[in-house]
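1. Take a look and give me a structure for this.
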Amino acid sequence: MAEFSFDLLRRRPDVEAPNLFAVDASDRLILDEAAEALASAKPGEVAVLGDRYGALTLGAAALHGATGIRVYQDALVGERALDRNAAEQGFGGAYTSHPLDAGLLDGARVVLLQLPRSLAELGEWAEAIARLASPDVVVVAGGRIKHMTLAMNEVLAGSFGRVDVGRARQKSRTLTATLPRTAAATAGYPVRREVSAPELPGGRATVVAHGGAFAGAALDIGTRFLLGFVAEMGVPSTDSAGRPRGRTAHDAIDLGSGTGLLAVALAATHPELRVVAIDSSRAAVASTTATAEANGAADRIVAVREDALFERPDESADLIVCNPPFHSGATVQAEVALRLLEDAGRVLRPGGELWTVFNTHLAYRDALVRMVGPTNVAGRGDKFTVTVSRKPV
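-> Model prediction:
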């Protein structure tokens, strides 16, 4: 068996920082609490949901001999970190990656789960496990106590007949769910809802949201503020030097698309735009695709799962819009947003514009000037600021 060490796990290609780690006490506790179930699992009977950087998957393989592990990770950076950590420690063949579907859960008898912060995300996962996994499945879910709530017990109880609370250890705790309520486990996700706001084209839109999509089936206040400027975001027929752009269609990117409402607004307001909606979240990409279809914009919007803009060619977009995140997991981390904004400067064509909304106290304007180009404040509200940065010609 290959040598394995939790201490060698790394977060890359995600943000690395002295206060950020690829493994914590909750990973170890989940594996310890699931030891008996893992010992009796046959190849292909173990599934892992929400593994952040590979600690659960590789720990199950290295410490408990699990094989044929099936893994679901919402974030693309988590998938790539798992692949990298597995390769470096010699466990590349221990698992396969899957979307949240039957391929992940059919016949699963042991599920290891890092509790997500979103109750909707946990609810979608729990429903899928109860509906698709083996009737004798054992779900061992865990997290840091400071991020756990009693509502998580209730969400699990909605899909399982029994939820046992484990003892705390090193500020972590587990919840073990058994007896899936298969009769009640109807597919409640994605959620479809009509939202109304004067900032939306026509004043309303349909949003379709999977559990893990940011803001869910609602319009978050940052995106809503940015939507008020969509009419100003059209690509002019000449660049900043007065030269004709020479194209009848232009390329726009919604960076961090979430549920896709901003991409839909761009497509509806500016028929000259070809919109690519990019997000690293599986749930967000699926939500954006469904939202585009629900609003008759599926032929104008392509949703893709990518890490930031790293797969986009240099100078390939005329317009980028972004409501950047400022957390890495539960930790406030400005670098998460800065890596998006920096790459926008590379991907914009000369004369192209980046429109950004952010919490005013974060004061990204100086960084935008440095990374993209001259930056003006387009609007400032009680909480948010919208800026427009133009790449020099």
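2. For residue 136, grab the count of nearby residues.
-> Residues near residue 136, counting by other C-beta atoms under 10 Å, number 11. Bear in mind the C-beta positions are built from the backbone N, C-alpha and C, glycine included.
3. so what's it up against?
-> 109, 178 (C-beta atoms under 8 Å, 6 or more residues apart in numbering).
4. That one in helix, strand or coil?
-> Following DSSP: H, G, I helix; E, B strand; the rest coil, we place residue 136 in the coil state.
5. Excluding chain neighbours, what is closest to the residue sitting nearest the centre point of the chain?
-> Geometric centre of the chain, nearest residue: residue 281, 2.9 Å, by C-alpha atoms, centre = their mean. Nearest residue to residue 281 in three dimensions, chain neighbours excluded: residue 74, at 5.2 Å (C-beta to C-beta, 6 or more residues apart in numbering).
6. and what of residue 92?
-> Closest residue to residue 92 apart from its sequence neighbours, by C-beta to C-beta, 6+ apart: residue 86 at 4.8 Å.
7. Same question for residue 280.
-> Leaving aside its sequence neighbours, residue 280 sits nearest to residue 76 (C-beta to C-beta, 6+ apart; 4.2 Å).
8. which residues does that neighbour contact?
-> Residue 76 sits next to 280, 281, 282, 305, 306, 307 when contact means C-beta under 8 Å, 6+ apart.
9. Also residue 355?
-> By C-beta under 8 Å, 6+ apart, the neighbours of residue 355 are 226, 229, 233, 319, 320, 321, 322, 378, 386, 387, 388.
10. Could you rerun that using 10 Å?
-> When the contact criterion is C-beta atoms under 10 Å, 6 or more residues apart in numbering, the partners of residue 355 are 226, 229-230, 232-233, 252, 262, 266, 319-323, 378, 386-389.
11. Longest strand in this protein, by number of residues?
-> Scanning the chain for the strand with the most residues, using DSSP state E, yields strand 348-359.
12. For the next helix or strand after that one, buried residues please.
-> Per DSSP states H and E, the first helix or strand lying C-terminal to strand 348-359 is helix 365-371. Within helix 365-371, the residues that qualify as buried by neighbour count (16 or more other C-beta atoms under 10 Å) are 365, 367, 368, 371.
13. how much space between the third one and residue 230?
-> From residue 368 across to residue 230, the span is 19 Å (C-beta to C-beta, to the nearest Å).
14. Spatially, what comes nearest to residue 39 if we skip its sequence neighbours?
-> Per C-beta to C-beta, 6+ apart, closest to residue 39 is residue 64, 6.7 Å.
15. and the one you found, how many neighbours?
-> Going by other C-beta under 10 Å, the residues that sit close to residue 64 add up to 18.
16. Pretty sure the residue nearest to residue 92 sits against residue 60.
-> No - at 11.9 Å, residue 86 does not count as touching residue 60 under the criterion of C-beta atoms under 10 Å.
17. So for the two, which residue has more residues nearby?
-> Using other C-beta under 10 Å, the more surrounded residue of residue 86 and residue 60 is residue 60, with 29 against 21.
18. can you give me how far the helix or strand the more buried one falls within is from the chain middle?
-> Assessed by DSSP H and E, residue 60 sits inside helix 55-64. How far helix 55-64 lies from its chain's middle: 24 Å, per C-alpha atoms, centre = their mean, to the nearest Å.
19. Whichever helix or strand comes after it: which residues count as buried?
-> Next in sequence after helix 55-64, counting helices and strands by DSSP H and E, comes strand 69-72. For strand 69-72, burial by neighbour count (16+ other C-beta under 10 Å) applies to 69, 70, 71, 72.
20. Farthest-apart pair in these, please.
-> 69 and 72 (10.9 Å; C-beta to C-beta).
21. where along the stretch 251-393 of the chain do the strands fall?
-> Counting by DSSP state E, counting those that start in this stretch, the stretch 251-393 of the chain has these strands, from start to end: 273-279, 301-305, 317-322, 327-328, 331-332, 348-359, 375-380, 384-390.
22. do you know how far residue 196 is from residue 219?
-> Relative to residue 219, residue 196 is positioned 9 Å away (C-beta to C-beta).
23. before we move on, what about residue 358?
-> Residue 358 sits 17 Å away from residue 219, going by C-beta to C-beta.
24. Also residue 63?
-> 45 Å.
25. Look at these two and report which has more neighbours.
-> The neighbour count for residue 63 versus residue 219, taken as other C-beta under 10 Å, is higher for residue 219 (21 against 16).
26. For that one, give me its contacts.
-> Residue 219 neighbours (C-beta under 10 Å, 6+ apart): 193, 195-197, 199-200, 205, 207, 227, 258-259, 261-262.
27. Residue 360 now?
-> 377, 380, 381, 382, 383, 384, 385.
28. residue contacts, the fourth one?
-> I take that to be residue 382. Residue 382 touches 221, 225, 360, counting by C-beta under 10 Å, 6+ apart.
29. low pLDDT regions in the stretch 1-150 of the chain?
-> Low-confidence segments of the stretch 1-150 of the chain (pLDDT under 70): 1-2.
30. quick one: the strands in it?
-> Assigned strands in the stretch 1-150 of the chain, in chain order: 46-49, 69-72, 95-97, 110-114, 138-144 (criterion: DSSP E, counting those that start in this stretch).
31. Contacts made by the helix or strand just after the last one with the rest, please.
-> Taking DSSP H and E as the definition, the helix or strand that follows strand 138-144 towards the C-terminus is helix 150-157. Under the contact criterion C-beta under 10 Å, 6+ apart, helix 150-157 has outside partners 113, 115-117, 119-127, 129-130, 139, 141, 143, 149, 162-165, 175-177, 181.
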